[in-house]
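In: Requesting a structural model of the entry that follows:
(one chain, ligands or ions: 1)
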Amino acid sequence: MSKLSEIIKKKGPIRKVGVIGMGYVGIPSAVLFAEKFDFVWGFQRASQSSGYKIEMLNNGISPLKGEEPGLEDLIKKVRSQGRFESTSDFSRIKDVDAVTLAIQTPFKDKGELEPDFGALEEGIRQIGKYLNEGVLVVLESTITPGTTKDLAADILKKESGLIPGEDFALAHAPERVMVGRLIRNIQEHDRIVGGINKESTDRAVELYSPVLTKGKIIAMDSTAAEVTKTAENTFRDLQIAAMNELALYCEAMRVNVYDVRTGIDSLKGNGITRAVLIPGAGVGGHCLTKDTYHLERGVKISGSKLDYPENSESLYVLARKINDFMPIHMYNLTQEGLKRAGKKFKGSKIALLGWAFLNNSDDTRNTPSKLYYDMVIKAGAQVSVHDPYVLEDGNLKISQDLEECIKGATAIVIFTGHKHYLNLKATTPKKLSGHSHPIIIDGRNVVDPDAFIKEGFVYKGIGRGDKNYHPVI
Ligand code: SAJ
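Out: Alright, predicted model coming up:
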């Protein structure tokens, strides 16, 4: 039996757990552990921006925005049972049998593949300072493949003097949370669990199995787990890019990409799959815009030579570029539409509908609307932004009054597929615009082209090669 197995055997089953980072990942994770183990510390830096969460959690209140079914009840329950407490006293880590860490890993510079691991490293150092023999350390953040067994292991060893994989267990168990279903996702999604060695994987399986209801554990090594997480988002980004490129082709070939999509999707049968996602005005959010670059960096720093077609760019990075091109394509469609109506950006008013990056959400992280907004402002247009869910974003004024936003608009540009825009009628916007040939640019295929063309609009839609060259009525 290995030294670590001996130590863990002597220690016995996991009883006390620590979770670092009281955010979208850490809070549901901590209270679900608190239901299954004796006690959970929820660690949170008492910083200006997020220290307030400690008191809220200890008063049984969720500090997270938006509806999270079951979360607040669970916080109240484990608080009343004395099984959960949030604290900024990281020294409590010395009391736990297992500690997980869910801290964001944004990219400083995607060009140079440089992630900002500052906060993550600080969290790992805190663990190292108070780490005891036989403890299980798990990273839940989305990280560059290789981080757990290299960067994290080195910091923990330096801070604690303990040997990873011999004196303590170390693993990666990536989160798959989604806003609005934080608790459900942890319970129902399969959970990838990867240790730096078998003993670490086994101990991590012991930690995560009890919180799963429908989900199954999928065990592998830590780097495979890191590749799985970054690749599952890279693949989604790639599938979206494949549809965005097809939409651009269909516009050029004057066909309706949605007819083609339906056609492709009709090919069914066992073993036949076509992941036809949906083309649109761009890809925003916190996951797909960065995880490709973590995967690319993983290959780059892996130390072994990658065999790849000579002088060819990564397919995955090219997919990112295609998705990031879509707001620029929206600008080009607007420019074409204005030209057809004998207008220019200068002196025009653009009604930009949709600031959130996702339909029917208030999440604005990395929204594609921002690039388009900056481009049209630079081109000399006046822009009014509407979003039913987003009340403000920095000092940008965002209206919730659609008619107000459209009044006097030379062009109406739809960036987000909020349900409020589905089947937007043509008559009122035409009247409100006050122009004989206003322009409508549909980035999410939510309006009926013929209705707007009939009202005298110049219509342009992503992938709508069948309508984009219509005669102006
Ligand atoms: N998008 C498209 N076409 C599509 C799907 C999405 O243009 O067919 C755009 C959206 O408009 C948005 C962006 O991509 O701007 C991201 O959309 P998303 O649905 O991927 O939403 P995210 O970023 O919240 O992705 C999360 C991820 N979940 C986790 O990381 C645990 C992702 O892995 C999930 O696949 C995704 O939710 C999901 O399926 O809802």
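In: who in the chain is up against the ligand?
Out: Proximity of the chain to the ligand, by C-beta under 6 Å from any ligand atom, involves residues 176-178, 232-233, 236, 240, 277-278, 280, 283-285, 287-288, 357-358. For glycine as for every other residue, the C-beta is placed from the backbone atoms N, C-alpha and C.
In: Select from the residues you listed every entry located in helices.
Out: The helices, defined by DSSP state H, take in 232-233, 236, 240 from the residues of the chain next to the ligand.
In: PyMOL command to pick out the buried ones of those?
Out: Selection of buried members from these for PyMOL, criterion 16 or more other C-beta atoms under 10 Å:
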select buried, resi 233+236+240
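In: Put together JSON lines for the ones in helices among the residues of the chain next to the ligand, with pLDDT on each row.
Out: Below are these laid out as JSON lines (pLDDT from 0 to 100):
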{"residue": "232", "pLDDT": "97"}
{"residue": "233", "pLDDT": "97"}
{"residue": "236", "pLDDT": "97"}
{"residue": "240", "pLDDT": "98"}
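In: Could you measure from residue 137 over to the ligand?
Out: Residue 137 sits at a distance of 22 Å from the ligand (criterion: C-beta to the nearest ligand atom, to the nearest Å).
In: For that residue, name its beta-bridge partners.
Out: With DSSP bridges as the criterion, residue 137 is bridged to residue 99, residue 170.
In: Quick check, it in contact with residue 159.
Out: No: using C-beta atoms under 8 Å, residue 137 makes no contact with residue 159, being 11.2 Å away.
In: And those two? Which one has more around it.
Out: Using other C-beta atoms under 10 Å as the criterion, residue 137 and residue 159 rank with residue 137 on top: 31 against 16.
In: Could you pull up the contacting residues of the residue nearest to residue 443 when sequence neighbours are not counted?
Out: Nearest residue to residue 443, sequence neighbours excluded (C-beta to C-beta, 6 or more residues apart in numbering): residue 281, at 2.9 Å. Applying C-beta atoms under 8 Å, 6 or more residues apart in numbering, we find residue 281 in contact with 326-327, 330, 368-369, 372, 414-416, 443-444, 462.
In: Could you identify the most distant pair in those?
Out: 369 and 462 (14.0 Å; C-beta to C-beta).
In: related to what we said a few turns ago, I'd like the contacts of residue 281 as CSV, with secondary structure, neighbour count and pLDDT appended.
Out: Listed next are the contacts of residue 281 as CSV, based on DSSP: H, G, I helix; E, B strand; the rest coil; neighbours: other C-beta atoms under 10 Å; pLDDT from 0 to 100:
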residue, secondary structure, neighbour count, pLDDT
326, helix, 25, 98
327, helix, 24, 98
330, helix, 28, 99
368, helix, 26, 98
369, helix, 29, 98
372, helix, 26, 98
414, strand, 26, 98
415, coil, 32, 98
416, coil, 32, 98
443, coil, 29, 98
444, coil, 21, 98
462, coil, 28, 98
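In: ok, back up a step: spell out which residues are contacts of both of residue 137 and residue 159.
Out: 127, 131.
In: That'll do, ta.
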